[in-house]
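1. have a look at this prediction, sequence included:
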Amino acid sequence: MRQGDIRINDKWYRIDYRSHRVTNVTDFAPRATTPGGSIVHSELNLYQPMLQTDWQHGFGFTWYTDEAGYMNTVGNIDTRHDGIVMMFTAQTASDTDNNAKEGYCLWEDEWYSWGAGGLRRYTGSAWENVYNTNPVNYAFPGGSYLFFCPDGARIQKMDTSDNITDAGNDGDSTDYGWLVVHEGYLYATKDDTTYIHRDSTADLSDLEGTTADVDIITVGFANSYSIKRLQTYNSYLYAAKADGLWLVDVDDLVAERVLDFSSEASDNNFRSMAVHNGYLMFPIRDKVYRWNGESLTNVTPPRLTDTFPYSTYGQFDNFVSNGRFLLCTGKTNATNYNIDLLCYDGVGWHNLMTLTTGTTPDITSMGYDPTNDLLWYHLDTDADITYYVQMQGNSDFPYANFPTTGTHELTTSKWDMGFRWVNKSSPSLVVEASNLSSDSYLTFYYSLNNGEWVEWDTVYDSGTRTLTLPGESRTLEFYYIKIKVRFTTSDSAESPILEGLTLRFIMRPETLDVWSFNIPVAEGLMMNTSVDTRTAGEIISDLKDSRDSASPVEFEDIDGNSYYVYMTSLSRMAIVHDSATGGDPEIEYYAQINVVEVG
C-alpha cells in the first residue's frame, strides 16, 4: 500500500491526503432501559435517578428488578414496614438452666416450657422447676389441667394448685409424644410409633396406651415412619410424618395420605408446622411450603449472596404465627453457619436477627408468650441458655430495646440500571433518613462490580443528605454497584431510620473515531501498485454499496490499521472535462466521505 491509499469494503481508493481528518464523537444515543421499561438517555450532565424507597418484600433480589428489593441483612435489622428500615429489638438472656427446652405453652396465664430438664414455669421475672423427674416430650393446656408427657413414663396432669398426679387409663398410658384437641377429643401420639389414641374425659382418665385400644388409629403401616406431630387445620385433623401429610378420619378411625413426600422422606420434614393467615406452613427438607388444603406453593427464601459458593437458608424450624407475620428459624449452608430469626410477610422474607453462629449450636424451640409479649427461644450449646425478645403488644414495630453492640447492616441488590454490560458513572447518592443524631447514625459503603467495600460517608442529621466525592473521587464508574448501610446506636431506646436511597447516574457515553476524507473519482488513477481500471461511475457505485450496507464494512486507514465502520455520508461534486477526442465531455467527481467506527 502506498501513502494516501485506503480500503473500504475490500475496494481500494486513492484519497486527497490533505483532506484527511480523524476526530472523536461521543455517542449520546439511548443505550439502555430501566427495569420499568422507560428509556434511559445519556445526555451531557443529565443524571438519571435510581430510587429505592421501600424494603418490605424481603431479601433475595440479586439484580435490581424491584424498588423493594435488597440482597441481605446482618445483625438486627427490621425491613417489614412500608418505606423504612430500622433496627430490631435485642434479645435478653433469661434462663441459664443447662437443659434444652423443646417447646412452650401458655396455661392459666403462665408460660411453661418442656424439655430435657422437665417442666419449667416463667413467673414473670424468673424460671422455676415444676417437674424435673424425667425429660418431658410435650405439654398441653387442657382446661382445668396442664397435661405433660414424661419421656418413657406415664402421662401426668397438674391442677391449678400445682398438684401433679397420674393421668391416663393405666400404667400403659406412657411415652406420649404429642397432644392436640379436635372435635371434643384429645388425640395423643405414642412416641416413635404410628399410633394415635384419643380420650374425651376432662382429666384424660380413659386415655389408653396399647394397641388393644378400640379407638386407636394407625397412620400408614405399623412400624413405618413414626408420627412427628398432629395439627388441626380447616376443621380437619392431620398427622405429619417424614413421608407426607395424612388426613385423619376421626369417624372411621383411619388415615389417608393427602400430601405425598415419600420420594424425599427426611427427618427434616415437618420439623415444625403453623397455621398462618389461613395457610398451613411447614418445611420439607430445605424448602418451605404453603398449603391451603388443595394447592401447594413453594415459598422458600431465595439465596442470600450473588457469588459462588452461594449462601442459602435451610433446615427451617420453630414456626410461630405472630399477627400478620410468620416467624421461624433458618440455618445457612456454611460450615460455620448462622441460625437466623426469619419473618415471612405473605410476599417475601426478612432476616430480623442472627440468633447464633458456629458449627454445633442449635435453636431447639421458639414460642410467643402473649401474656408477657415475649418471643422466647432456646439456644442449645455447651452452656444452654434461654432468651426472650420483647414485643409490642399493640404494634408490629420492634420494641425499643435496640442493640448497642455488634454489626447491623443492610446490603442492596446489585444496581445495574437494567443492563449489566453498559458502563455507568455516578457522582452522588441521595440519602433520606430520620431519627439520626450523634448517638444514632448511618454509615454508607459502596462496592463496584463485586469489588471491596469502600466507606462513603456517615450521616448524623435527619432529612435529605447528598453524599458526594465517593472515595475522594468526583464520580464512580461501574457496570453494577451495591450499597451497604450500617446502623449504629449507643442509645438502646433509639434506632436510626433509613427511608430511601437515590443513586444519580448516567450511562457512560462511548467515544468513537470518525474519519473524513475526499476521494478523486476518475478512471486511470494509480491505486496501490497498479492503475485503477474502474470508471468514475463504477467507483461511485462501489461507494454507494458501502454506504447502503446494513452491516459494518471493513475499513483500512492510511496507516494500515483495520476497523469496522459505517459510512455515514457520501457526497460528490461533479468535475467536467472536455473530451480529448472531441466527443462528449468527460464527467468526473470529487467525493466527500465520512465513516464512523462501530462501537
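-> Good, I have the coordinates.
2. going forward, measure contacts between C-alpha atoms and count neighbours the same way
-> OK.
3. in the chain, which helix or strand is least confident?
-> Lowest on mean pLDDT, DSSP states H and E among the helices and strands of the chain sits strand 39-40, with a mean of 46.
4. pull up the pairing partners for the helix or strand that comes right after that strand, direction included.
-> Later in the chain than strand 39-40, the nearest helix or strand by DSSP states H and E is strand 48-52. Looking at strand 48-52 with DSSP bridges, its partner strands are strand 497-507 (antiparallel).
5. after the partner strand, which helix or strand is next?
-> Following strand 497-507 in sequence, per DSSP H and E, is strand 510-521.
6. who does whatever helix or strand comes next after that next one pair up with?
-> Counting by DSSP H and E, the next helix or strand C-terminal to strand 510-521 is strand 526-527. Partners of strand 526-527 in the sheet, by DSSP bridges, are strand 530-531 (antiparallel).
7. per-residue pLDDT, the closest residue to residue 108 other than its chain neighbours?
-> Closest residue in space to residue 108, ignoring its immediate chain neighbours: residue 160 at 7.8 Å, by C-alpha to C-alpha, 6 or more residues apart in numbering. As predicted, residue 160 sits at a pLDDT of 97.
8. what's the burial count for residue 160?
-> 12 (other C-alpha atoms under 10 Å).
9. repeat for residue 282
-> 23.
10. tell me who's in contact with it.
-> 269, 270, 271, 272, 273, 274, 288, 289, 290, 319 (C-alpha atoms under 8 Å, 6 or more residues apart in numbering).
11. neighbour-wise, which of those residues leads?
-> residue 269 leads these on contacts (other C-alpha under 10 Å) with 27 neighbours.
12. count residues in the vicinity of the closest residue to that residue other than its chain neighbours, would you?
-> Counting by C-alpha to C-alpha, 6+ apart, residue 269 lies nearest to residue 284, which is 4.3 Å off, once chain neighbours are set aside. By the measure other C-alpha under 10 Å, the count of residues near residue 284 is 24.
13. wait, doesn't residue 284 sit right on residue 270?
-> Yes - using C-alpha atoms under 8 Å, residue 284 is in contact with residue 270, at 6.2 Å.
14. where in the stretch 151-300 of the chain is pLDDT low?
-> Under the criterion pLDDT under 70, no range of the stretch 151-300 of the chain is flagged.
15. show me where it has strands.
-> 156-158, 164-166, 176-182, 185-190, 195-199, 217-218, 227-233, 236-241, 244-249, 254-260, 274-276, 279-284, 287-291, 296-298 (DSSP state E, counting those that start in this stretch).
16. tell me the helices and strands packed up against the fifth one.
-> What that stands for is strand 195-199. Under the contact definition 3 or more C-alpha pairs under 8 Å, 6 or more residues apart in numbering; DSSP states H and E, strand 195-199 sits against strand 185-190, strand 217-218.
17. check the first one too.
-> When contacts are defined as 3+ C-alpha pairs under 8 Å, 6+ apart, strand 156-158 sits against strand 145-150, strand 164-166.
18. winner for burial among the ones you listed?
-> For the helices and strands packed on strand 156-158, the largest average neighbour count (mean count of other C-alpha atoms under 10 Å) is found in strand 145-150, namely a mean of 26.
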